[in-house]
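*Asks:* can't give you the sequence, but here's the structure:
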């Protein structure tokens, strides 16, 4: 990762903050959904695919996507149908990680969404995805 990627990452994060994340706390949904979240990320110019997902992500009942950021870091983002399923997904990642993977550095759960990162995310990388998490329409 060179410094040449940083301006692109900041632009993507700014676009996400400006155009996608709802109108603030009052607009916060009870759960997040794959399709509107994917649409927000794509509108912000972030690459999204369903190819190459890890095994755990493929089991998510609400779907999953791989989000590749301009910094070359990426995350598999899994959508559970509810918080209970997100707990199951998180538990599976922890079980499969073993002791050699610093899972606490690369795993993030928020409501019904579980993200597992290729490398520990910067705050800007994390905010790019979480800023685009949207509820069902």
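*Replies:* Cool, the structure landed. Note that the coordinates shown come from a computational prediction; the quantities given were computed from them, not determined experimentally.

*Asks:* Residue 108: helix or strand, and which one exactly?
*Replies:* Using DSSP states H and E, residue 108 falls within strand 107-110.

*Asks:* Next up, the contacts around the nearest residue to residue 64 once chain neighbours are set aside.
*Replies:* Nearest residue to residue 64, sequence neighbours excluded (CB to CB, 6 or more residues apart in numbering): residue 57, at 3.9 Å. Quick note: C-beta positions are derived from backbone N, CA and C, even for glycine. In this structure, residue 57 makes contact with 64, 66, 76, 77, 78, 89, 116, judged by CB atoms under 8 Å, 6 or more residues apart in numbering.

*Asks:* residues contacting the fourth one?
*Replies:* Residue 77 is in contact with 37, 57, 64, 65, 66, 67, 113, 114, 115, 129, counting by CB under 8 Å, 6+ apart.
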